Every structure is written in structure tokens, then in C-alpha cells.
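S.K.: from the sequence below, what's the structure:
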Amino acid sequence: MLDVRRLRLLRELGHRGTIAAVAEALSFSPSAVSQQLSVLEREAGLPLLERTGRRVRLTPAGQNLVRHADAVLELLERADAELAEARGGLAGALRIGSFPTATRAVVPAALAELARRHPGLEPMVSETDPAAVADALRAGDLDVALINAYDFVPAPEEPGLATQPLYREAMYLATPTQWTRTPTAPAGPVVPADGAAPAGPGGAGRRALLRTHADSPWITATHGTLCHAMTVRACEDAGFLPRIRHQVDEFATVLALVAAGQGVAVVPQLGITGHADPAVALTRLVMERRTNVAFRSGAAAHPAVAAFGAALRAALPPELSGDHA
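M.R.: Model prediction:
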């Protein structure tokens, strides 16, 4: 009989690629991971792994076993959800991952709603970059998380995870207002950041607007984040590579740099909420950021996960476009 804990180690190895990464994620020693995988190979009766330098690659038999492991672990999540439902009354820790703008604008009100409905539940929020959420959920470090996807950077399909749509928000081009008053400086149409109509006819208008800043310095998020990739790919779609001057993750700081004339940036709606600096001109783009609730496959019916999702939807600010009809 194959051991579920060893199957989980094999699945993590398939995603992470090295024994050391699996050990760090699941709080094992590398030697313990190696020993357990060796036992799993003996149980399976054929090789599951092959080494390629410092990395370990799954054999075809190992890859096939990982697919079965995903199905087994999903069934266990469903069983856990049914047991939690049968126990009645939510209590205990709920580990939540969230990215900064959602943590500020959505999560506090959702936690207040959750406390009102389920006072025995203990939510624990950790700010987690959406790119790291899949590993954290599969490793059991998180129970539920908010992730986002942009036009040009769709959320990848992640084995062992499921998502539900939560809300959509507009994207804006932020430029220094002083540039619009300088004849030689690049400029685009300026509209208020209050949901006004996007500039230009669809994608063609977005491309034309971004192209006016082909020679401008750009401010993006740090390399490796979805926000960084979104800006770079939107500019590539407009026909140029952005000349990146600053890499900053906090949107309030991004807008402060724009106000100081340090460059232009693409910022989501929640990133400009409450912003009223006259030194920054905001132009709505024909682009969106979509936020989803993510959890392990099979956990959608878990009462705590479902309760947090319901609290999020009840607490959404009115300016956001709900995706949960």
C-alpha cells in the first residue's frame, strides 16, 4: 500500500525540482526526504526518480504517480471538508494569504464580517506574493489565499489547486502632471480616476497611449512579480520595451515617484484608491486585474474556506466590479 505522506513528497518534488526545496517547504531534512522517496520507490517496485545534475527529474512512472497523488489528496481534502461540516461550529486557525492592496482595501472588512458570523474562527493573514501562493497552499502553509491575474499575464493552471473569481478592477497609466504641460514631453489623455471611460478605442487606444511613453522612464514592480510582467508585456504589445528606471512594489511609493517626475507606471484601481495628488495624472486603460480566491483542490466545500469567501464577497468595496454573479 502506498503511503499518502510519501506521495505528497513526490508531488512536491515534481513541482519544486530539488530535494532541498521540498525539505525546506515541508520542514524536513533533505536526508529524510531522500529516505522517504527511496521507500516509496521500493513500494512502487520501479524507479520514480532520475538525477540530472543537482536536480531530480521524475521518470514517466513518477509523473503518472504524481497525477494519482493529486487525485488522492483532493479526495482527502473533500473528506476533511465533510468532517468539518459534520462537526458544526467553526473554530481554530484559518491561514490566509493576501497581496498588499487586497490586504489593505478588502481583507480588514472581510475579517470583521468573518468574526461577526464565526467568532470561534481564528484567521491568520500573511502577505504573500501571488507567485508564491501555489507552493504555500500545497505545502499546507496556507489554507486559502487571494491571487491576481492581469491582461497579458493570466494566472497559470496549478495542479492541486482550485480558484473562484472574486472581483475585477481597472488599470490606469500614471504620469507626472507636469509632463502634460511641457510641449516636448510625452502626454496622453487625462481622465479622472473614478471609473471614467477608458481612453481610446479598445486595445488600439491602449497601444497608442503607451507608445507615447516609449522613450519615457518607467516605474515597475520588482522583477519576477506578476505586476512587473504585466507592465513589460503591455509595453511589448504596444511595440516597445520599457526603459525601467525604478522597481518598487508598493503602489503608494510608485505614485510618489511619478509625482516627483521620475517616470510613468501602470497601476491597478486599488493602488490609486484615496490618491488625490494633483502632481499625478491618471488615465484609465482598457486593461483589467482580476482577483481570485485560491485553495487546495477539494477544499471548496470546507466550511472555513467557504465562510472566508462569503465574508470577502460581503465586504467588497462598491467601486470594485464583482466577478461572482
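S.K.: any low-confidence regions in the stretch 151-300 of the chain?
M.R.: 180-203 (pLDDT under 70).
S.K.: which residues in it form strands?
M.R.: 161-176, 217-220, 243-247, 265-268, 280-296 (DSSP state E, counting those that start in this stretch).
S.K.: okay, those in a markdown table with mean neighbour count next?
M.R.: Using the backbone N, CA and C atoms, a C-beta is placed for each residue, glycine as well. Formatted as a markdown table, the strands of the stretch 151-300 of the chain follow (neighbours: other CB atoms under 10 Å):
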| stretch | mean neighbour count |
| --- | --- |
| strand 161-176 | 21 |
| strand 217-220 | 22 |
| strand 243-247 | 15 |
| strand 265-268 | 26 |
| strand 280-296 | 22 |
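S.K.: now these as a markdown table including distance to T231?
M.R.: Conversion of these to a markdown table gives the following (distance: least, CB to CB, whole Å):
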| stretch | distance to T231 |
| --- | --- |
| strand 161-176 | 10 |
| strand 217-220 | 5 |
| strand 243-247 | 8 |
| strand 265-268 | 5 |
| strand 280-296 | 10 |
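S.K.: to L121, which of these lies closest?
M.R.: L121 sits nearest to strand 280-296 of all these, at 15.2 Å, using CB to CB.
S.K.: what about that closest one, distance to the chain center?
M.R.: In this view, strand 280-296 has its centroid 11 Å away from the chain centroid, taken as CA atoms, centre = their mean, to the nearest Å.
S.K.: on that earlier part again, which one of the strands of the stretch 151-300 of the chain lies nearest to G45?
M.R.: If you check each of the strands of the stretch 151-300 of the chain against G45 by CB to CB, strand 280-296 wins as the nearest, at 29.0 Å.
S.K.: could you point out which element follows the closest one?
M.R.: Downstream of strand 280-296, the next assigned helix or strand under DSSP states H and E is helix 303-315.
S.K.: that next one packs against which elements?
M.R.: helix 60-87, strand 92-98, helix 107-117, strand 121-127, strand 144-150, strand 161-176, strand 280-296 (3 or more CB pairs under 8 Å, 6 or more residues apart in numbering; DSSP states H and E).
S.K.: and T128, how far is that from S98?
M.R.: Summarising the geometry, the distance separating T128 from S98, computed by CB to CB, to the nearest Å, is 7 Å.
S.K.: common neighbours of these two, please.
M.R.: A145 (CB atoms under 8 Å, 6 or more residues apart in numbering).
S.K.: picking that back up, out of the strands of the stretch 151-300 of the chain, which gets nearest to P318?
M.R.: Nearest to P318 among the strands of the stretch 151-300 of the chain is strand 161-176 (11.0 Å), distances taken as CB to CB.
S.K.: and that closest one with strand 280-296, angle?
M.R.: Our comparison of strand 161-176 with strand 280-296, counting by axes from the mean of the first three to the mean of the last three CA atoms, to 10 degrees, yields an angle of 170 degrees.
S.K.: sheet partners, orientation included, of strand 161-176?
M.R.: Here the strand partners of strand 161-176, with direction, are listed using DSSP bridges: strand 265-268 (antiparallel), strand 280-296 (antiparallel), strand 321-322 (antiparallel).
S.K.: which helix or strand contains D141?
M.R.: For D141, there is no host helix or strand (DSSP H and E).
S.K.: skipping adjacent residues, who's closest to it in space?
M.R.: Take D141 and drop its neighbours on the chain: the residue closest to it by CB to CB, 6 or more residues apart in numbering is R95, 6.8 Å away.
S.K.: distance-wise, check that neighbour relative to E122.
M.R.: Distance of R95 to E122, computed by CB to CB: 10 Å.
S.K.: more neighbours: which of these two?
M.R.: More crowded of R95 and E122, by other CB atoms under 10 Å: R95, with 19 against 14.
S.K.: who does the more buried one bridge with?
M.R.: Counting by DSSP bridges, R95 forms beta bridges with M124.
S.K.: so it sits right up against M124, yeah?
M.R.: Yes. Taking CB atoms under 8 Å as the contact criterion, R95 and M124 are neighbours in contact, 5.1 Å apart.
S.K.: for the helices and strands packed on helix 303-315, which one sits closest to R16?
M.R.: When the helices and strands packed on helix 303-315 are compared by CB to CB, helix 60-87 sits nearest R16, at 12.0 Å.
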